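Visitor: return a 3D structure for these sequence lines:
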Amino acid sequence: MELLVTYDVSTETREGRRRLRRVAQVCEGYGQRVQQSVFECNVDGVHREQLVHRLLGEVDQGEDSLRIYRLLEPRAEFTRSYGIQPGYDLHDPLIL
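Guide: Take a look at the predicted model:
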């Protein structure tokens, strides 16, 4: 399933800036950044639960905001993107 993960982490304190980096690192492990605090992730049910669990372990729910949307598939039919495009297609093999 394809997810859109968005977050807004308070960076007024040193700990907040640390949380922001950790949230981004978790998201990078599951998908690609498409905007500053927005990631597109292609995961199965188990990895979705892992992602949510890890993100909830990083955010401060009293100060931060985390939203996860499931994208309708096929995504190309329901999503419009304008301007600078992300670096790779989530469905293509990733070669490092």
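Visitor: Three-state assignment for Val34, please.
Guide: At Val34 the chain is in strand, as set by DSSP: H, G, I helix; E, B strand; the rest coil.
Visitor: wait, it touches Cys27, no?
Guide: No - the criterion here is Cβ atoms under 8 Å, and Val34 misses it with Cys27 at 10.5 Å. Just so you know, the C-beta spots here come from the backbone N, C-alpha and C atoms, and that holds for glycine as well.
Visitor: and these two? which has more neighbours close in?
Guide: Cys27 (24 against 16; other Cβ atoms under 10 Å).
Visitor: which helix or strand contains that one?
Guide: helix 14-28 (DSSP states H and E).
Visitor: that helix: which residues count as buried?
Guide: By neighbour count, and taking 16 or more other Cβ atoms under 10 Å as the criterion, the buried residues in helix 14-28 are 19-20, 22-24, 26-27.
Visitor: show me where this protein dips below the pLDDT cut-off.
Guide: In the predicted model of the chain, residues 86-96 satisfy pLDDT under 70.
Visitor: show me where it has helices.
Guide: Read by DSSP state H, the chain holds these helices, from start to end of the chain: 14-28, 45-58, 75-78.
Visitor: hmm, Leu71 is touching Val5, no?
Guide: No - counting by Cβ under 8 Å, Leu71 does not reach Val5; the two are 10.7 Å apart.
Visitor: neighbour count: those two, which is higher?
Guide: Between Leu71 and Val5, counted using other Cβ under 10 Å, the more crowded position is Val5 (23 against 15).
Visitor: identify the bridge partners of the more buried one.
Guide: Note on Val5: beta-bridge partners by DSSP bridges are Phe39, Ile68.
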